[in-house]
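Colleague: missing the sequence, but the structure's below:
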Ligand SMILES: [Mg+2]
């Protein structure tokens, strides 16, 4: 029996700008075997088209934007009913998601009815001050995700969670979180999975494994990203694999 494979990206398909060996071949084989492939990322820095292109360039698997489900899109669903003017502390993925949902972005935080915070590699003190100030004045605070780190080629770097924590601390208010493992992105995924089994493949226990656990889906943890040794695991994964390349042999 086949079904849907929900594949994380950073630390699974690639790490920084380097593809994980065998990842693209594994995705092709799974698809040839009848599995529907979705990509689910908490990284909100890129547009869906840019994410799909990056998967293709780094793995060789011809991903499409339609296969990508991201924390930016999940964040936009929280604001879509009211469409408040929104200040963005984050990247192009958030801007694209807001525009798609018809939510106006405002560069002037004093006019913001909401603040969306994600991974912002250009984050500086004035941006933190603007975001926190808006929240103090009553703006809604939405975080794309709270991953403390993300895996780059040279090691773990501060993730969106580190920036969200700075805004939360300065504003003295907790954020609503949209990405893995929280409900907004799970709702998007539930709408996309087909019949049959659902496997979540990821490199983080607190996001990927927790997402699978919350939905009753199967979880495969790979050791090519944030988790590098099975000894670090505290939760139960259905499979622990050296890399995505090993998945077809186990669920085929
Ligand atoms: Mg990851």
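Modeller: Good, I have the coordinates. Just so it is clear, the model here is predicted, and its values are computed rather than measured.
Colleague: in this structure, which residue sits nearest the ion?
Modeller: Nearest to the ion in the chain, going by C-beta to the ion, is residue 11, at a distance of 3.8 Å. Any C-beta I mention is one placed from the backbone N, CA and C, and that applies to glycine too.
Colleague: what's near enough to touch residue 100?
Modeller: Taking C-beta atoms under 8 Å, 6 or more residues apart in numbering, we find residue 100 in contact with 73, 76.
Colleague: please apply the same query to residue 211.
Modeller: Contacts of residue 211 (C-beta under 8 Å, 6+ apart): 6, 40, 180-181, 185-186, 189, 200, 202, 217.
Colleague: assumed it was part of a helix.
Modeller: Yes: counting by DSSP: H, G, I helix; E, B strand; the rest coil, residue 211 falls inside a helix.
Colleague: so who does residue 55 touch?
Modeller: 9, 13-14, 39, 61, 63.
Colleague: just give the nearest non-adjacent residue to it, would you?
Modeller: Leaving aside its sequence neighbours, residue 55 sits nearest to residue 63 (C-beta to C-beta, 6 or more residues apart in numbering; 3.9 Å).
Colleague: what about the one you found, how many neighbours?
Modeller: By the criterion of other C-beta atoms under 10 Å, residue 63 has 24 neighbours.
Colleague: does it touch residue 49 like I think?
Modeller: No: applying C-beta atoms under 8 Å, one finds residue 63 not in contact with residue 49, separated by 10.1 Å.
Colleague: shaky segments in the protein?
Modeller: 252 (pLDDT under 70).
Colleague: would you map the helices across it?
Modeller: Secondary structure of the chain (DSSP state H): helices located at 23-32, 48-59, 71-79, 92-100, 125-136, 160-171, 183-190, 210-215, 247-251.
Colleague: and the contacts of the third one?
Modeller: In this case it means helix 71-79. Contacts of helix 71-79 with the rest of the structure, by C-beta under 8 Å, 6+ apart, involve 41-44, 48, 86, 90, 93-94, 96-98, 100-101, 103, 114, 116, 118, 140, 142-145, 160, 176, 178-180, 182, 184-185, 187-188.
Colleague: and it, does that touch the ion?
Modeller: No: using C-beta under 5 Å from the ion, helix 71-79 stays clear of the ion, coming no nearer than 11.6 Å.
Colleague: check the offset of that helix from the chain's centre.
Modeller: Offset of helix 71-79 from its chain centre (C-alpha atoms, centre = their mean, to the nearest Å): 11 Å.
Colleague: same check, this time on stretch 153-167
Modeller: 13 Å.
Colleague: is the ion within reach of it?
Modeller: No: judged by C-beta under 5 Å from the ion, stretch 153-167 stays clear of the ion, getting no closer than 9.7 Å.
Colleague: okay, buried residues for that stretch please.
Modeller: Burial within stretch 153-167, assessed by neighbour count using 16 or more other C-beta atoms under 10 Å, is assigned to 158-167.
Colleague: what's in contact with it?
Modeller: For stretch 153-167, the external contacting residues (C-beta under 8 Å, 6+ apart) are 15-18, 42, 44, 71, 89-90, 115, 117-120, 123, 128, 131-132, 135, 141, 143-151, 175, 177, 226.
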